[in-house]
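S.K.: dropping a prediction and its sequence here:
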Amino acid sequence: MADFVGAVDQGTTSTRFMVFDHRGNEVTRHQLEHEQIMPNPGWVEHNPVEIWERTSSVLQTAMNKKRLGPTDLAALGITNQRETTVVWNKRTGRPYYNAIVWQDTRTDKIAAALDRDERGEVIRRKAGLPPATYFSGGKIQWILENVEGVREAAEKGDALFGTTDSWLLWNLTGGPRGGVHITDVTNASRTMLMNLETLQWDDELLEIFGIPRQMLPEIRPSSDPTFYGETLENGPLGCCIPLAAALGDQQAAMVGQVCLEAGEAKNTYGTGNFLLLNTGEELVRSENGLLTTVCYQFGDAKPIYALEGSIAVTGSAVQWLRDQLGIISGASQSESLARQVEDNGGIYFVPAFSGLFAPYWRSDARGAIVGLSRYNTNAHLARATLEAICYQSRDVADAMEKDSGVKLEVLKVDGGVTANDLCMQIQADVLGVPVSRPVVAETTALGAAYAAGLATGFWKNPEELRQNWNESKRWTPEWNDEQREHGYRGWQKAVERTLDWVEV
């Protein structure tokens, strides 16, 4: 039996390939960034061909580092940036347009129009999502309406839609020469096109967006013992590794954190933040600005659902300090700079670059730095940036408690920002609960590996996964209740200043 399981983690800013052993320990990895294309204000695109080329490269490089071959891998799983939309020609394999990224706001008028009439309520009821620029349905509609020849190709069955999991699976299994066109329930649940109860594409939702059904991939379980397909001999990994799992990145992190029981929650800190609460087989409809989504489905078992709070800009706000303002040279410097001051000096930074996601859902919002005086320095701004990550997470945690009745006792965290000790201490202070980071902080890839390994019998059951989880570090709150509420009131005032900036 093969000793390892591999996972492709196709993210917003980079693609990595990681290999894990039976204990969930990392064996090898390689990672490459790809270009962020921003042709207009609010527009964010990726080149799908570049993403496929980067994927091929990280697969080969990571395997070569440890001199591994295809027979060393029991299975391959994929996890991916969700909602990012690719439309390509099934005969040539060429995209009709760049991938439109989940952060992109060009569909704000489409979303606003839906929210003004009964169609918005249909989307909420069937898909569990508010009409928003975030999700894939409006992006597909935009491509159909604005890219010449795509609608005609879609009507003929030549144009295919997929999130990046579908794009990679199609290419890994042959592309124009017989590639499989599939997605899993977690990614499908982020399109505004899938009925959460039937787990199938919904004709009424497709009609709302004017999307031909033949464009869409087949929906499969997140962990599939029948496999999606196998890698090819002439592909980047060689023959014939089972492609057995796919999950959107945040659902994969839930599996990687082993949040497999109702009431368990995690927060992933990446380009954005994503706090999910497992609600079990119960489909909980939010009344407080959260999303109802599929958490995962293993084989032919019933789907497990989750409540989710999605935050658009957290880690990417730190990148903004580096790339646009130039006040830090690397992400790690945000911590040392912020430690130069005791507090935020009275300033708040609301990084609503793509509007505000959960729990506000305001596409008219834009970023703001408020409370500035001559006293403030770049260190105060660095501190306010870290605080913004944590206050946005509190917004979501409070909404989650209202919807579910579940009060957080500890927050499991993962993702790149968790390497910032100061940010994690602020998070514990802002929430008033301990924050716990696992030994393997990159849990998105681990979750995809777990799902693939469960499908192939590499891991026999979820209990084996629980035995792999170990805590690396814990932060406990240091603020008192008065400090906590004073800080949060200031944050809420700052959020109000960002609203009604863009006319939609």
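M.R.: On my side now, so go ahead.
S.K.: where exactly do the helices run in the stretch 151-300 of the chain?
M.R.: Ranges of helices in the stretch 151-300 of the chain, per DSSP state H, counting those that start in this stretch, are 164-172, 185-188, 203-209, 249-256.
S.K.: who's in contact with the third one?
M.R.: Outside helix 203-209, the residues within contact range by C-beta atoms under 8 Å, 6 or more residues apart in numbering are 114, 119, 122-123, 126-127, 137-138, 140-141, 192-195, 212-213. Backbone N, C-alpha and C define where each C-beta goes, glycine included.
S.K.: got it, and the first one?
M.R.: By C-beta under 8 Å, 6+ apart, the residues outside helix 164-172 that reach it are 8, 10, 48, 51-52, 55, 78-81, 84, 86, 88, 93, 99, 160, 162, 179-184, 187, 217, 228-229, 231-232, 235-237, 243, 246, 248.
S.K.: could I get the CA-only coordinates of it as CSV?
M.R.: C-alpha atoms of helix 164-172 as CSV (Å, rounded to 0.1, in the frame of the first residue of the first chain):
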residue,chain,number,x,y,z
THR,A,164,-10.8,26.2,-10.0
ASP,A,165,-11.4,22.6,-8.7
SER,A,166,-13.3,21.8,-11.9
TRP,A,167,-10.6,23.5,-14.0
LEU,A,168,-7.8,21.4,-12.5
LEU,A,169,-9.7,18.1,-12.4
TRP,A,170,-10.6,18.5,-16.1
ASN,A,171,-6.9,19.2,-17.0
LEU,A,172,-5.5,16.4,-14.7
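S.K.: could you list the low-confidence segments of this structure?
M.R.: For the chain, the stretches with pLDDT under 70 are 1, 504.
S.K.: for Y360, helix, strand, or coil?
M.R.: Here Y360 is recorded as coil under DSSP: H, G, I helix; E, B strand; the rest coil.
S.K.: so how far is M192 from it?
M.R.: Using C-beta to C-beta, to the nearest Å, one gets 18 Å for the distance from Y360 to M192.
S.K.: between these two, point out the one with more neighbours.
M.R.: M192 (32 against 17; other C-beta atoms under 10 Å).
S.K.: quick one, what contacts the residue lying closest to that one once chain neighbours are set aside?
M.R.: What sits nearest to M192 in space, not counting adjacent residues and going by C-beta to C-beta, 6 or more residues apart in numbering, is G137, at 3.7 Å. Residues near G137 by C-beta under 8 Å, 6+ apart: T191, M192, L193, L205, I208, F209, I211.
S.K.: where do the strands sit along the stretch 251-400 of the chain?
M.R.: Along the stretch 251-400 of the chain, counting by DSSP state E, counting those that start in this stretch, strands occupy 265-269, 273-280, 291-296, 304-311, 348-350, 368-370.
S.K.: out of the ones you listed, the one nearest D108 is which?
M.R.: When those are compared by C-beta to C-beta, strand 304-311 sits nearest D108, at 16.4 Å.
S.K.: give the contact list for V147.
M.R.: Listed by C-beta under 8 Å, 6+ apart, the contact set of V147 reads V87, Y96, Y97.
S.K.: where do the strands sit along the stretch 51-200 of the chain?
M.R.: Under DSSP E, counting those that start in this stretch, the stretch 51-200 of the chain gives strands at 73-80, 86-89, 99-100, 159-162, 182-184, 194-195, 200-201.
S.K.: pick the most buried one from the ones you listed.
M.R.: Stretch with highest mean neighbour count among the strands of the stretch 51-200 of the chain: strand 73-80 (a mean of 29; mean count of other C-beta atoms under 10 Å).
S.K.: highest neighbour count among the contacts of G137?
M.R.: Busiest of the contacts of G137 [other C-beta under 10 Å] is M192, holding 32 neighbours.
S.K.: list the contacts of that one.
M.R.: Remark: with contacts taken as C-beta under 8 Å, 6+ apart, M192 is in contact with I123, A127, L129, P131, F135, S136, G137, G138, L205, F209.
S.K.: the fourth one: neighbour count?
M.R.: Right, P131. Residues near P131, counting by other C-beta under 10 Å, number 28.
S.K.: need the single longest helix in this structure, by residues.
M.R.: For the chain, the longest helix by residue count, based on DSSP state H, is helix 378-404.
S.K.: chain center to that one, what's the gap?
M.R.: 18 Å (C-alpha atoms, centre = their mean, to the nearest Å).
S.K.: same question, stretch 350-363
M.R.: Its chain's C-alpha centre and that of stretch 350-363 lie 16 Å apart, by C-alpha atoms, centre = their mean.
S.K.: now do the contacts for the nearest residue to R23 once chain neighbours are set aside.
M.R.: Leaving out its chain neighbours, the residue that sits closest to R23 by C-beta to C-beta, 6+ apart is N468, at 5.7 Å. Going by C-beta under 8 Å, 6+ apart, N468 touches R23, G24, V258.
S.K.: how close does N468 sit to T443?
M.R.: Taking C-beta to C-beta, one finds N468 at 11 Å from T443.
S.K.: check M38 too.
M.R.: Using C-beta to C-beta, we find M38 at a distance of 29 Å from T443.
S.K.: of the two, who's got more company?
M.R.: Counted by other C-beta under 10 Å, M38 and T443 do not tie: T443 has more neighbours, with 31 against 13.
S.K.: so what's that one closest to, chain neighbours aside?
M.R.: Leaving out its chain neighbours, the residue that sits closest to T443 by C-beta to C-beta, 6+ apart is G256, at 3.0 Å.
S.K.: could you report the neighbour count for the nearest residue to S373 once chain neighbours are set aside?
M.R.: Using C-beta to C-beta, 6+ apart and skipping residues adjacent in sequence, the residue nearest S373 is G346, 6.8 Å away. By the criterion of other C-beta under 10 Å, G346 has 14 neighbours.
S.K.: my guess is G346 meets I369, correct?
M.R.: No: at 11.3 Å, G346 does not count as touching I369 under the criterion of C-beta atoms under 8 Å.
S.K.: one step back: drop anything exposed from the contacts of N468.
M.R.: Among those, the ones that count as buried by 16 or more other C-beta atoms under 10 Å are G24, V258.
S.K.: from the contacts of N468, pick the one nearest R106.
M.R.: Of all the contacts of N468, V258 has the smallest distance to R106: 37.8 Å, by C-beta to C-beta.
S.K.: Provide a list of residues in contact with the closest one.
M.R.: Counting by C-beta under 8 Å, 6+ apart, V258 makes contact with P462, L465, R466, N468, W469.
S.K.: and with 10 Å instead?
M.R.: V258 makes contact with 24, 264, 266, 412, 438, 443, 446-447, 450, 462-469, according to C-beta atoms under 10 Å, 6 or more residues apart in numbering.
S.K.: same check on E281?
M.R.: A262, A301, K302, P303, I304, Y305.
S.K.: identify, from these, the entry nearest to T456.
M.R.: Nearest to T456 out of the contacts of E281 is A301 (C-beta to C-beta; 16.1 Å).
S.K.: look up how far P217 lies from the closest one.
M.R.: A301 sits 21 Å away from P217, going by C-beta to C-beta.
S.K.: and these two? Which one has more around it.
M.R.: Neighbours per residue (other C-beta under 10 Å) separate A301 from P217, with P217 holding more: 22 against 11.
S.K.: phi and psi next, for the more buried one.
M.R.: Here is the backbone geometry of P217 (degrees, to the nearest 10): phi -80, psi 160.
S.K.: looking at it, it is touching T183, isn't it?
M.R.: Yes: using C-beta atoms under 10 Å, P217 makes contact with T183 at a distance of 4.4 Å.
S.K.: any common contacting residues for these two?
M.R.: F161, G162, T163, D165, S166, W167, L169.
S.K.: now tabulate those residues in JSON lines and tack on distance to V341.
M.R.: Listed next are the shared contacts of P217 and T183 as JSON lines, based on distance: C-beta to C-beta, whole Å:
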{"residue": "F161", "distance to V341": "48"}
{"residue": "G162", "distance to V341": "46"}
{"residue": "T163", "distance to V341": "41"}
{"residue": "D165", "distance to V341": "42"}
{"residue": "S166", "distance to V341": "46"}
{"residue": "W167", "distance to V341": "44"}
{"residue": "L169", "distance to V341": "47"}
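S.K.: perfect, that will be all.
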